[in-house]
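Enquirer: Sharing a sequence plus its predicted fold:
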Amino acid sequence: MMPPETAKLGASPSDHYPDIPPVIVDKWQVIVDTLAELARVPAGLIMRISGDNLEVMISSHTPGNPYHPGESECFINSGLYCETVIKRRKELIVPNALKDKRWKNNPDVTRDMISYLGLPILWPDQTPFGTICILDNAGNHFTNVYRRLIQQFRDIVENHLQLIYTDSERQRFFTLQQESQEAALRLSEERLRSLQAELECASRLSSMGALAGSIIHEINQPLTAINASAEACLRWLGGNTPNVAEAREAASRIFQFGQRASETVTGLRALARQEPARMAELDIHGAIHEVLGLFEKERVRYGVAFVAKLQPDARHVVGDRVQLQQILLNLIRNGLEALAETSDRKRRIQVFTHRTEAGELRVSVEDNGCGIKPSQMKKLFEPLCSTKADGMGMGLSICHSIIETHGGRLWAEPCSPHGTAFHFTLLETREGSVPG
Ligand SMILES: Nc1ncnc2c1ncn2[C@@H]1O[C@H](COP(=O)(O)OP(=O)(O)O)[C@@H](O)[C@H]1O
Ligand SMILES: [Mg+2]
């Protein structure tokens, strides 16, 4: 077993400590040279611990000096003078090893170094760095003058270590600080990115919520119709004389309404996934009639006249059919809601298609309802702008973004004497030819 103090020494690897810069090495060379010269001895040394080894770091340029820089020896239990200095952490004087049974067999004696004066050198954190020593090839009592001298030089060396150590600590601190700043920066960038993603998701979800609201409403209609038709179908098939023709009629209505509901769901799914619009050539007249058909029940219940004035040669457009129908749904629903309080005139919603002079196809949805206050006009297409108690204020903003992806425009204007007109433009194609 190693003695405890030896274990501690071996556990202080020098690579945890900064290197000694050449400019300091030069100064230390001057120190050991001067020391050996003044003490008139063949060897002045600065020894450095390197792992378990003790290495000649600086050796005085003096005649008869048997030590050379770079030589190293495992110093644990070596019996070297320096080993004792490092272990005890205090000055050691050996005036004549040959006359001292404790020292006469130590390795330095084989180099004829029989007297020794050495001091430990410590890092600022009190870990041993090595030793500073002078050795003589004759008996030497090293008077107090030399002891003071070597102490002075040792202090200078330790001051140098302090400087190097502080500087490296500072640099390490700066590096750490820099690294932590960079890490913080990276972290905040990451946070920003995930926040953006969250926001995008949230805004998509809120549009989704509004859209889902309007779509659930739309889906309810075909579902109710499907139920009614299914009931009718069963009735026609029941009884003593089943009416197959009527039953077939009812079944085909079920199929149509089912189709409509599933298209709406597909559209919703596409929007939810933010799938790109599925652009295709389509007949906007057909799309308009279909949407108007969806409001049939409400039209009857609220006594609203639907008028479709569709210009025959303004019908072929490029767009995503389901998304364009979403726009029509929202605009017509808004129109119906604007008519809710109207009782002094015949309630009416008109849908127009028109080819503009600029060659665009314009679709307009006009009502003669309550109209929009001029102050509200500016914010109309902003999300969450609603004057309704249970309104989400998302319908028009969704319409706006759909139209944008279609490369068109959407705007509103007051109608005279009552109501509001919403217009949107689409790219028109000649029948059978899709541009681009
Ligand atoms: N045809 C219309 N007539 C009068 N006001 C309308 C009409 N269409 C939209 N608005 C106004 O614009 C607001 C926003 O409409 P919208 O985005 O569809 O949200 P919501 O219908 O949920 O309120 C409505 O609350 C209403 O004040
Ligand atoms: Mg609305």
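Expert: Received the coordinates, thanks. Ligands and ions are numbered 1, 2, ... in the order given.

Enquirer: Pass me the low-pLDDT residue ranges in the protein, would you?
Expert: Scanning the chain for pLDDT under 70 picks out the ranges 1-16, 173-174, 188, 191-192, 194-218, 263-276, 390, 430-436.

Enquirer: Please list the residues of it that sit near ligand 1.
Expert: 330, 334-335, 338, 367, 369-372, 380, 385-388, 391-397, 420 (C-beta under 6 Å from any ligand atom). C-beta coordinates here come from the backbone N, C-alpha and C atoms, glycine included.

Enquirer: give me that answer again for 5 Å
Expert: For the chain, the residues found near ligand 1 under the criterion C-beta under 5 Å from any ligand atom are 334-335, 338, 372, 386-388, 391-393, 395-396, 420.

Enquirer: and those residues, which of them are in helices?
Expert: Among the residues of the chain next to ligand 1, the subset assigned to helices under DSSP state H consists of 334, 335, 338, 395, 396.

Enquirer: Out of the residues you listed, which are close to ligand 2?
Expert: Near ligand 2, taking C-beta under 5 Å from the ion as the test, the members of these found are 334, 395.

Enquirer: Closest to ligand 2 out of the ones in helices among the residues of the chain next to ligand 1?
Expert: Among those, residue 395 lies closest to ligand 2 (C-beta to the ion), at 3.2 Å.

Enquirer: element containing the residue lying closest to the closest one once chain neighbours are set aside?
Expert: Leaving aside its chain neighbours, residue 395 sits nearest to residue 330 (4.0 Å; criterion: C-beta to C-beta, 6 or more residues apart in numbering). Per DSSP states H and E, residue 330 falls inside helix 321-338.

Enquirer: Now the element after that helix, going C-ward?
Expert: Heading C-terminal from helix 321-338, the first helix or strand you meet, by DSSP H and E, is strand 348-355.

Enquirer: And for that following strand, what's in contact with it?
Expert: Contact with strand 348-355 is made by 284-285, 288, 292, 304-311, 313-315, 328, 332, 335-336, 339, 361-368, 428, as judged by C-beta atoms under 8 Å, 6 or more residues apart in numbering.

Enquirer: out of these, which are buried?
Expert: 284-285, 288, 292, 304, 306, 310, 314-315, 328, 332, 335-336, 339, 361-368, 428 (16 or more other C-beta atoms under 10 Å).

Enquirer: Next up, the contacts around residue 426.
Expert: 284, 317, 318, 319, 324, 360, 361, 362, 363, 406, 408.

Enquirer: If we ignore the residues flanking it in sequence, what's nearest the first one?
Expert: The spatially closest residue to residue 284, leaving aside those adjacent along the chain, is residue 317, at 5.0 Å (C-beta to C-beta, 6+ apart).

Enquirer: what about the one you found, distance to residue 155?
Expert: Per C-beta to C-beta, to the nearest Å, residue 317 is found 93 Å from residue 155.

Enquirer: now swap in residue 377 and tell me
Expert: Taken as C-beta to C-beta, the span from residue 377 to residue 155 is 86 Å.

Enquirer: next one: residue 279
Expert: Plainly put, residue 279 is 85 Å away from residue 155 if you go by C-beta to C-beta.

Enquirer: quick one: which of the two has more around it?
Expert: Taking other C-beta atoms under 10 Å, residue 279 and residue 155 do not tie; residue 279 has more neighbours (18 against 13).

Enquirer: Contacts only, for the more buried one.
Expert: Residue 279 is in contact with 318, 319, 320, 406, counting by C-beta under 8 Å, 6+ apart.

Enquirer: I figured the third one was touching residue 278, is that so?
Expert: So that's residue 320. Yes - between residue 320 and residue 278 a contact is recorded at 5.0 Å, counting by C-beta atoms under 8 Å.

Enquirer: Neighbour count: the two, which is higher?
Expert: A count of neighbours by other C-beta under 10 Å puts residue 320 above the other of residue 320 and residue 278, at 21 against 13.

Enquirer: ok, for the more buried one, nearest residue in space, not its chain neighbours?
Expert: residue 277 (3.8 Å).

Enquirer: Count the neighbours of the residue nearest to residue 284 for me.
Expert: 26.

Enquirer: Pretty sure it sits against residue 281.
Expert: Yes - using C-beta under 8 Å, residue 317 makes contact with residue 281 at a distance of 7.5 Å.

Enquirer: Which neighbours do the two have in common?
Expert: Taking C-beta under 8 Å, 6+ apart as the contact rule, residue 317 and residue 281 both touch residue 429.

Enquirer: In contact with the nearest residue to residue 121 once chain neighbours are set aside, which residues are there?
Expert: Closest residue in space to residue 121, ignoring its immediate chain neighbours: residue 129 at 4.4 Å, by C-beta to C-beta, 6+ apart. Applying C-beta under 8 Å, 6+ apart, we find residue 129 in contact with 14, 17, 48, 49, 121, 122, 123, 161.

Enquirer: Could you pick out which of those residues are located in strands?
Expert: Using DSSP state E, 48, 49, 121, 122 are the members of the contacts of residue 129 that sit in strands.

Enquirer: Now tabulate those in CSV and tack on neighbour count.
Expert: Formatted as CSV, the ones in strands among the contacts of residue 129 follow (neighbours: other C-beta atoms under 10 Å):
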residue, neighbour count
48, 20
49, 25
121, 25
122, 17
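
Enquirer: List just the nearest of those to residue 229.
Expert: Among these, residue 49 lies closest to residue 229 (C-beta to C-beta), at 96.2 Å.

Enquirer: Can you show me the helices along this protein?
Expert: Under DSSP H, the chain gives helices at 4-10, 22-39, 81-88, 144-237, 244-272, 284-294, 296-302, 321-338, 374-377, 395-405.

Enquirer: surely residue 134 meets residue 117?
Expert: Yes - using C-beta under 8 Å, residue 134 is in contact with residue 117, at 5.3 Å.

Enquirer: shared neighbours of the two, anything?
Expert: 39, 142, 146, 150.

Enquirer: Which parts of stretch 251-263 count as buried, going by neighbours?
Expert: Buried, per 16+ other C-beta under 10 Å, within stretch 251-263: 251, 253, 254, 257, 260, 261.
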